[in-house]
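J.: I would like the atomic coordinates for the input below:
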Amino acid sequence: MSSINDFSATNYITLRQFPGGWIWLKNIDEISARIIPDLQKLSVQEAAKIAVILNGIILPWHIFDDTQWVLRLIPLPNFIILIIFNHDEEFGSALKIFYHKTSLIVPTEDAYVFTEIYLELFGQLAKYGVEKASSTKFQEDLIALPDLLDIIDPSNKTKLWNDIIGQRQAPLLKINLSTAENISSKLSLPCFTKSWKKLEIDWAIPFTPLKNMYIIPLLFTDPTKFEVYYTKNVLNFESRRILFFTWLYCNAIIRKARTILGNDLPKLSEYL
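T.: Got it, this is the predicted structure:
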């Protein structure tokens, strides 16, 4: 039996194999075409530096004859993305995206959005370099979502908050500490409780979509108050993309909660 550290074509699928995944293929092609000119300028060593920032790894898999590098990302347990950069002197460059079959546990739209964010971030880092993204300045300081929205898009703050949290707040408020600890275990993440960073909380689950940068959904001890905090070095990145990570991780929490609470927690689709 092969592990995720071995490549076997039979274990990998494309977005087309996700329910309705073909709808998003044009978007992936458009993003790929936009970033490929910058990827062509990278050495394998430079691609590996970007991979570290994305909490990924460049693997020595020669999947196609013209494969230059393979980036593996695991943003959630068993959700595994491969981004393969191919280059041929005659036919040019291309990106291929594959997912381990276990990734079908993630809804199609979430799988697509994760892929879009990572492609966009990789292209941005390839174009502008990794120095700012590698900075550890402010990584210990916290900023709440409303304050982040004030910085990046104050005129659309209310709409953005509703799109990210407002539509998900009702099920998130139903998650108590016991359920949150169970969720964190299933996601292989810690669960903070009680007094944390001078905040009085019931629970908090930290996600690290990028190296040394945390997104922390949390429920205050006041069970009517749900919030998301970030380490302040979130501002070293293009923040709108980080907002997408936020609702993806809130979705993951709600999905896991429903596997624990069953029909006591209605399907996420009933809130969106």
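J.: L210 and Y230: what is the separation?
T.: Distance, L210 to Y230, using C-beta to C-beta, to the nearest Å: 11 Å. For every residue, glycine as well, the C-beta is placed using N, CA and C.
J.: Then A257?
T.: Applying C-beta to C-beta, the value for A257 to Y230 is 22 Å.
J.: What is the burial count for the closest residue in space to A204 that isn't next to it in sequence?
T.: Nearest residue to A204, sequence neighbours excluded (C-beta to C-beta, 6 or more residues apart in numbering): L218, at 3.6 Å. Residues near L218, counting by other C-beta atoms under 10 Å, number 23.
J.: Over to the one 3 residues further on?
T.: A total of 14 residues lie near T221 under the criterion other C-beta under 10 Å.
J.: Does it touch L199 like I think?
T.: No: with contact defined as C-beta atoms under 8 Å, T221 does not reach L199; the gap is 9.1 Å.
J.: Only the C-alpha atoms, please, for the biggest helix by length in the chain, written as CSV.
T.: Scanning the chain for the longest helix, with DSSP state H as the assignment, gives helix 239-261. The C-alpha trace of helix 239-261 is given here as CSV (Å, rounded to 0.1, in the frame of the first residue of the first chain):
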residue,chain,number,x,y,z
SER,A,239,-5.2,40.1,2.9
ARG,A,240,-8.2,39.4,0.8
ARG,A,241,-6.9,36.0,0.1
ILE,A,242,-6.5,35.4,3.8
LEU,A,243,-10.2,36.2,4.2
PHE,A,244,-11.0,33.2,2.0
PHE,A,245,-9.0,31.0,4.2
THR,A,246,-11.1,32.2,7.1
TRP,A,247,-14.4,31.0,5.8
LEU,A,248,-12.9,27.8,4.6
TYR,A,249,-11.6,26.9,8.1
CYS,A,250,-15.0,28.0,9.6
ASN,A,251,-16.6,25.6,7.1
ALA,A,252,-14.3,22.8,8.2
ILE,A,253,-15.2,23.4,11.9
ILE,A,254,-18.9,23.3,11.1
ARG,A,255,-18.5,20.1,9.0
LYS,A,256,-16.7,18.3,11.8
ALA,A,257,-19.2,19.6,14.4
ARG,A,258,-22.0,18.0,12.4
THR,A,259,-20.3,14.6,12.4
ILE,A,260,-20.2,14.9,16.2
LEU,A,261,-23.6,16.5,16.8
